[in-house]
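A.B. asks: using only what follows, build the 3D model:
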Amino acid sequence: MVDQKKLAYYFNEYLQTTSEDWNYITPQQLYQLLYSEDRLPEKPCYLLDVRKKKDYLNQHIPGSVNIFWLDLFKEKNLEKLPKDCLIVLICYLGHTASQVLTLLKLLGYQVVVLKFGLGLTPISGIPIAGWHQYGYPLEHHH
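C.D. replies: Sure, this is the predicted structure:
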């Protein structure tokens with residue numbers, strides 16, 4: 001049986017090493033990294049799109065590779081990932097990629113998530129909006 005207290009201790013230790021960027025890269029930062037004249041050649045990156053294949057084939061960031069997130073930890077797929085450069089995880093809105101980010105980091109990969117993803121919803125007919133945009137109740141403390 002897994003010792004939850006011991007795991008929680010290690011997870012807390014890991015979380016304390018999180019950098020100020022919270023393991024995200026903004027769309028503007030990624031664009032700068034990929035397309036700026038003064039981009040840093042010593043900071044190569046691997047663009048990993050973890051969306052469904054049909055969505056990837058429909059549209060994706062040039063140069064990105066597609067491995068569906070639920071298949072990512074199969075041995076043949078993990079072998080494709082570089083350990084020597086930054087991996088940028090890309091999905092629809094950033095949520096799916098965030099689910100695998102920590103697992104990859106715990107395996108020793110250098111990983112960040114594209115914050116807000118591609119800005120595309122995977123759910124047809126549902127607009128991209130959060131609790132606040134729907135006007136749902138929020139408590140305000142002053």
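
A.B. asks: those strands in this structure, which residues are they?
C.D. replies: With DSSP state E, the ranges of strands along the chain come out as 24-25, 45-49, 65-66, 86-90, 111-114.

A.B. asks: could you export the ones you listed as a markdown table, including distance to Pro137 and mean neighbour count?
C.D. replies: Placement of C-beta: from N, CA and C, glycine included. Listed next are the strands of the chain as a markdown table, based on distance: least, CB to CB, whole Å; neighbours: other CB atoms under 10 Å:
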| stretch | distance to Pro137 | mean neighbour count |
| --- | --- | --- |
| strand 24-25 | 28 | 19 |
| strand 45-49 | 36 | 22 |
| strand 65-66 | 39 | 16 |
| strand 86-90 | 33 | 23 |
| strand 111-114 | 29 | 23 |
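
A.B. asks: next, format those as TSV and append mean pLDDT and distance to His142.
C.D. replies: Output for the strands of the chain, formatted as TSV (pLDDT from 0 to 100; distance: least, CB to CB, whole Å):
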stretch	mean pLDDT	distance to His142
strand 24-25	94	29
strand 45-49	93	43
strand 65-66	98	47
strand 86-90	95	38
strand 111-114	95	33
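
A.B. asks: tell me which of those sits nearest to Ala8.
C.D. replies: Ala8 lies closest, by CB to CB, to one member of the strands of the chain: strand 111-114, at 21.9 Å.

A.B. asks: can you pull out the helices in this structure?
C.D. replies: 4-15, 27-35, 53-58, 75-78, 95-106 (DSSP state H).

A.B. asks: possible to save the strands of the chain as CSV with distance to Ala97?
C.D. replies: Listed next are those as CSV, based on distance: least, CB to CB, whole Å:
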stretch, distance to Ala97
strand 24-25, 10
strand 45-49, 8
strand 65-66, 12
strand 86-90, 4
strand 111-114, 4
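
A.B. asks: for these, which one sits closest to His140?
C.D. replies: Nearest to His140 among the strands of the chain is strand 24-25 (26.4 Å), distances taken as CB to CB.
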